[in-house]
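**Q** Sharing a model that was predicted from the sequence below.
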Amino acid sequence: MSEVKLIPFVVNSVVNQADAIPDGVEMIQAPAVWDASQKGKGRVIAIVDTGCQIDHPELQSRIIDGRNFTKDFGGDKDQYDDNNGHGTHVAGTIAGVGGENGVVGVAPDSKLLIVKVLNEAGSGSYQSIIEGIRYATDWKGPDGERVNVISMSLGGPSDLPELHEAIKDAINQNISVVCAAGNEGDAREDTPEFAYPGAYNEVIEVGAASFQRTLAPFSNTNNEIDLVAPGVNILSTYPGGKYAVLSGTSMATPHVSGALALIMNISEKEFERSLSEAEIYAQLIRRTIPMGCTKQAEGNGLLALGLVKQLESLFSIYTTAWNEQDVKNEELTKSNK
């Protein structure tokens, strides 16, 4: 069976300390909803990737469990450390706790299930990925926790039925599956590029945007793109207790994965019940802003978590104005009688 690889990404720089809320976290307006969402508390996000530095100061308190499905570390199932760097970077964007010299993730109070399916070179078998997805789907935590989101910044050219079935099974159990679109883009919006599992209709496929709110030239475009998130010059955690600035749709994906943890908590409180995967997807798409690209490039637009509250505030101004006008009209009618 052929291999799946990390979606190519660029390491722009590596540093020893960060001391910031990353621009990507700010851009999607995560801090604006932290109070309402309890910063993702109670949610578990499975990162199906290269593993994670389990003792990174920003991440060690967030990791709840994990499993190794590669031959790295002698195939030890309990050794899911990151010997590549990619998975640790993804983890920080989702749930970095923001230490003294660190970075804050989108959902810093969420928990991480680390599923190592890619080796040191960033490649793995389709079988290991399928097993990793099924492990995340069936996993139960020490207190009965279940996975709420599966985040995958990996891909390959093959549409494998067994992979598709594993993903559909996860979604049928109300797990949101978020996948990177891929970095084979040619800076043209009218030429499609597909990578799997991102191109499956059932997953949430994420493209990359710049901080200037333009589509990243490397971002794949196709008719299954759901939305875009920051994916250029993204600051996050890196092995060795360090931090790095990376670029790619791999970096956009965890912004959405973390955002879903926040949205789940907000929506459950508002609706006073648990929402289905389809309902959560609808709540996610409510929080997007068009950038002016085609639907094949940006899907529903750029993630903006504070948008609903902003629209509600704007609408209340108009409602107040209309109510005041109604009162004036009523008084005028009475005076003319």
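**A** In hand now; what should we look at? Numbers count the residues shown, from 1 in each chain.
**Q** in which helix or strand would I find Glu189?
**A** Of the helices and strands defined by DSSP states H and E, none includes Glu189.
**Q** what sits against it?
**A** Leu215, Thr221, Cys293, Thr294, Gln296, Ala297 (C-beta atoms under 8 Å, 6 or more residues apart in numbering). No exception for glycine: its C-beta is placed from N, CA and C like everyone else's.
**Q** now the helices: where do they sit in the stretch 1-150 of the chain?
**A** 23-27, 34-37, 86-95, 126-138 (DSSP state H, counting those that start in this stretch).
**Q** If you count neighbours, what's buried in the second one?
**A** Going back to what we said before, that points to helix 34-37. Residues of helix 34-37 classed as buried: Trp34, Ser37 (neighbour count, 16 or more other C-beta atoms under 10 Å).
**Q** Alpha carbons only: can I get it in CSV?
**A** Coordinates of the C-alpha atoms in helix 34-37 are reproduced here as CSV (Å, rounded to 0.1, in the frame of the first residue of the first chain):
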residue,chain,number,x,y,z
TRP,A,34,-12.5,32.8,25.2
ASP,A,35,-14.8,33.9,28.1
ALA,A,36,-17.9,32.5,26.4
SER,A,37,-16.2,29.3,25.4
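**Q** how is the protein carved up into domains?
**A** Per the record, the chain has its domains at 3-304, 307-336, by the TED database.
**Q** Now do the last one, average pLDDT.
**A** In this model, domain 307-336 carries a mean pLDDT of 59.
**Q** In space, what's closest to Asn300 - neighbours in sequence excluded?
**A** Thr288 (4.4 Å; C-beta to C-beta, 6 or more residues apart in numbering).
**Q** contacting residues around that neighbour?
**A** Leu227, Gly299, Asn300, Gly301, Leu302, Leu303, Ala304, Leu307.
**Q** roughly how far apart are the fifth one and Val256?
**A** Applying C-beta to C-beta, to the nearest Å, one obtains 11 Å for the distance of Leu302 from Val256.
**Q** what's the overlap in contacts for those two?
**A** Leu227, Ala229.
**Q** Settle it for me: which of those two has more neighbours?
**A** Val256 (28 against 23; other C-beta atoms under 10 Å).
**Q** Quickly note the distance from Lys242 to Asp19.
**A** Taking C-beta to C-beta, one finds Lys242 at 13 Å from Asp19.
**Q** Near Glu26, how many other residues are there?
**A** Residues near Glu26, counting by other C-beta under 10 Å: 15.
**Q** what do you get for Val44?
**A** As a burial measure, Val44 scores 21 neighbours (other C-beta under 10 Å).
**Q** next one: Gly99
**A** 15.
**Q** And it, how close does it get to Ala20?
**A** For Gly99 relative to Ala20 (C-beta to C-beta), the value is 12 Å.
**Q** ok so, going back, widest-spaced pair of the contacts of Thr288?
**A** Comparing every pair within the contacts of Thr288 by C-beta to C-beta identifies Gly299 and Leu307 as the most remote, at 15.2 Å.
**Q** more neighbours, these two?
**A** Gly299 (25 against 18).
**Q** close enough to count as contact, that one and Val228?
**A** Yes: applying C-beta atoms under 8 Å, one finds Gly299 in contact with Val228, separated by 6.7 Å.
**Q** just to revisit the earlier point, who does the residue nearest to Asn300 form a beta bridge with?
**A** With DSSP bridges as the criterion, Thr288 is bridged to Leu303.
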